[in-house]
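Visitor: when you get a sec, could you give me coordinates for this:
(one chain, ligands or ions: 2)
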Amino acid sequence: MMLPNLKVDPENLPKRAIVCGDPKRAARIAALLDESKAIGENREYHSYAGTWNGTAVAVVSHGVGSPGAAVCFEELAKGGVKTIIRVGTAGSYQKTIEPGSLVISTAAVRRDGLTSQLVPPGFPAVADRRVVDALAAAAAKRDTGLHVAEGVTLTMDMFYSGVVEFPHKLYQQAGVLAVEMENAALFVIAALRGMRAGSILAIDGYADADLLETYNPHTETTAKAIEAEARIALDAIVAVEN
Ligand SMILES: O=P(O)(O)O[C@H]1O[C@H](CO)[C@@H](O)[C@H]1O
Ligand SMILES: O=c1cc[nH]c(=O)[nH]1
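Guide: Numbering: from 1, shown residues only. Ligands and ions are numbered 1, 2, ... in the order given. Predicted coordinates for the structure are as follows:
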């Protein structure tokens, strides 16, 4: 049975998967693997398989936003994936977490629309403790020189604001580290489908109300952080018992 949206045959799908929003980032991460090959391409979902230190790993892009990403996570679960790590980007909420830093998400605030249609209010979106520990250990071992923070992140659907104000200030005051758009969906779906999930994020700027003017994820600083987080996530995903 072909996974209908990913257009991947589960027979070719490794049971550990790195996921990211951008299909081009997926291709770049896949190029780091040994014996890397494409195993499917449909819509925003570009899938690869290869090995990292001798262990089979998939790399799959999920696009921007929770609903589309959820389709990807559900089909990966159906295809037998047991461990997923998201290699994403995020906007910082804290002055001390500068662009080019890395954030390991321990849990996500569910400010998205999707997860409230899957689980009741109050259901937590939490990363798997073993995956968080493996990411922290891999980051320490690689000693990249980048600042690595660990804590709660926020998932929202809104990237540019409308007439309703961004809730940035509230969450900043509550100590949330950064904002992105898919972690809550990943953590909730992983909980429902018996997968272990984690997420590491490269900070590409400060999240604020003028994102349309200030957002530029195409810098050397962000590229360096993405390359580092990809290697850390690959080290971590093969270290975790699957
Ligand atoms: O860089 P990715 O993994 O796509 O993650 C972040 O970047 C996108 C917005 O530009 C959203 O998908 C957000 O979650
Ligand atoms: O969702 C996102 C992703 C990157 N940077 C942001 O400010 N927001």
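
Visitor: quick one: Phe187 and Val126 touch, right?
Guide: Yes. Counting by C-beta atoms under 8 Å, Phe187 does reach Val126; the two are 5.7 Å apart. In short, each C-beta sits where N, CA and C put it, glycine included.

Visitor: what touches both of the two?
Guide: Common contacts of Phe187 and Val126 (C-beta atoms under 8 Å, 6 or more residues apart in numbering): 107-108.

Visitor: show me what from this structure comes close to ligand 1.
Guide: By C-beta under 6 Å from any ligand atom, the residues of the chain that approach ligand 1 are 20-22, 64, 88-89, 159, 180-182.

Visitor: 5 Å instead?
Guide: 20-21, 64, 88-89, 180-181 (C-beta under 5 Å from any ligand atom).

Visitor: so which of the residues you listed is the most crowded?
Guide: Compared across the residues of the chain next to ligand 1, Gly88 has the highest neighbour count, 29 neighbours, by other C-beta atoms under 10 Å.

Visitor: now Tyr160: closest residue in space, sequence neighbours ignored.
Guide: Leu212 (5.5 Å; C-beta to C-beta, 6 or more residues apart in numbering).

Visitor: and Phe187 and Val126? Which one has more around it.
Guide: Phe187 (29 against 18).

Visitor: quick check: phi and psi at the more buried one.
Guide: Main-chain torsions, Phe187, degrees, to the nearest 10: phi -70, psi -40.

Visitor: same check, this time on the one 3 residues further on
Guide: Listed backbone geometry of Ala190 is phi -60, psi -40, with angles given as degrees, to the nearest 10.

Visitor: verify the contact between it and Ile84 for me.
Guide: Yes. Between Ala190 and Ile84 a contact is recorded at 6.4 Å, counting by C-beta under 8 Å.

Visitor: neighbour count winner among the two?
Guide: Neighbours were counted for Ala190 and for Ile84 using other C-beta under 10 Å; Ile84 has more, 29 against 25.

Visitor: part of a strand, is the more buried one?
Guide: Yes. Secondary structure assignment places Ile84 in a strand (DSSP: H, G, I helix; E, B strand; the rest coil).

Visitor: so what's it up against?
Guide: 16-19, 73, 76, 186, 190, 195-198.

Visitor: repeat that for Trp52.
Guide: 32-34, 234-235, 237-238.

Visitor: now the residues you listed as TSV including neighbour count, pLDDT and secondary structure?
Guide: Putting those into TSV (neighbours: other C-beta atoms under 10 Å; pLDDT from 0 to 100; DSSP: H, G, I helix; E, B strand; the rest coil) gives the following:
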residue	neighbour count	pLDDT	secondary structure
Leu32	16	98	helix
Leu33	21	98	coil
Asp34	10	98	strand
Leu234	24	99	helix
Asp235	18	98	helix
Ile237	27	98	helix
Val238	19	98	helix
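
Visitor: can you put those in a markdown table and add distance to Ala107?
Guide: Below are those laid out as a markdown table (distance: C-beta to C-beta, whole Å):
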| residue | distance to Ala107 |
| --- | --- |
| Leu32 | 28 |
| Leu33 | 29 |
| Asp34 | 33 |
| Leu234 | 23 |
| Asp235 | 22 |
| Ile237 | 19 |
| Val238 | 24 |
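
Visitor: tell me the centre residue of the chain?
Guide: Arg86 (2.4 Å; C-alpha atoms, centre = their mean).

Visitor: for the residue lying closest to it once chain neighbours are set aside, give me phi and psi.
Guide: Residue nearest to Arg86 in three dimensions, not counting chain neighbours: Ser199, with 4.0 Å by C-beta to C-beta, 6+ apart. When read as degrees, to the nearest 10, the backbone of Ser199 gives phi -150, psi 140.

Visitor: much appreciated, bye for now.
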